[in-house]
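Chemist: Need a 3D model of the following:
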Amino acid sequence: MNGMRRDELKRKICGRLVRDGNAAVGCYWRGPRLYCVTTIGSEGGALYSSTLDERNVIRILNQEMKIMTNVLYDRTGVPCAYIAEDGTIFSFVGKPLAFLQNEYVYSFSGAELGTFEDGWLRDVNGNCVMFAKGATGFAPIKPICQICPVQAIPSIPPIRPIPAIPYIKAIKSCAWSRVSANDFFG
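Modeler: Numbers count the residues shown, from 1 in each chain. Here you go, the predicted model:
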């Protein structure tokens, strides 16, 4: 592959390396170009590479951000829930817990539970309840995240109610909430 050795290639793989059985997909930079790499088999497997145009690079980076902010972890690093593409928050057993509207988190009864900004899910007092891996900003130190369980097939969420008028946002705190992640959704 243009004189590049396999060891050099492994060092240049960046971002998320996705594995599926004996196959792996990743990206690496070589000069100003981003290459997508697919390996099949174990050590001596085939190696394929293709360049990506700017549109595909942006699409891949957006998917990475979605993967990074999809799972919500509690104060101990245990994965508690995940956010679906439509903004519904599900438990890992597939139960719909709440939904996002703009930066606010609402229960399916329409009550405001808190906010979700910069990857931090905060209660109505501004204290942190859960976080996503890419969370930034004024907040407590994040614990080491545990491995996520397999997501169950989600059940159909109830019809979203007209949400309550949101509270005035509380000042962000760098403390963990006294409300546990399980109790947060009711």
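Chemist: domain assignment for this structure?
Modeler: 6-52, 70-184 (automatic domain parsing).
Chemist: Of these, which stretch is the most buried?
Modeler: domain 70-184 (a mean of 16; mean count of other C-beta atoms under 10 Å). No exception for glycine: its C-beta is placed from N, CA and C like everyone else's.
Chemist: State the mean pLDDT of it.
Modeler: On average, the pLDDT along domain 70-184 is 93.
Chemist: what distance separates the start and the end of it?
Modeler: Start-to-end span of domain 70-184 (C-alpha to C-alpha, to the nearest Å) is 18 Å.
Chemist: Begin at 297, not 1, for the rest of this chat.
Modeler: OK, 297 is where the count begins now, so the last one is domain 366-480.
Chemist: so T432 touches D414, yeah?
Modeler: Yes - using C-beta atoms under 8 Å, T432 is in contact with D414, at 5.1 Å.
Chemist: can you give me the strands for the chain?
Modeler: Under the criterion DSSP state E, strands of the chain are mapped to 309-316, 319-326, 329-336, 342-347, 367-369, 375-379, 384-387, 392-397, 400-402, 408-413, 416-419, 424-427.
Chemist: Remind me what the last one packs against, helices and strands.
Modeler: What that stands for is strand 424-427. strand 367-369, strand 416-419, helix 477-480 (3 or more C-beta pairs under 8 Å, 6 or more residues apart in numbering; DSSP states H and E).
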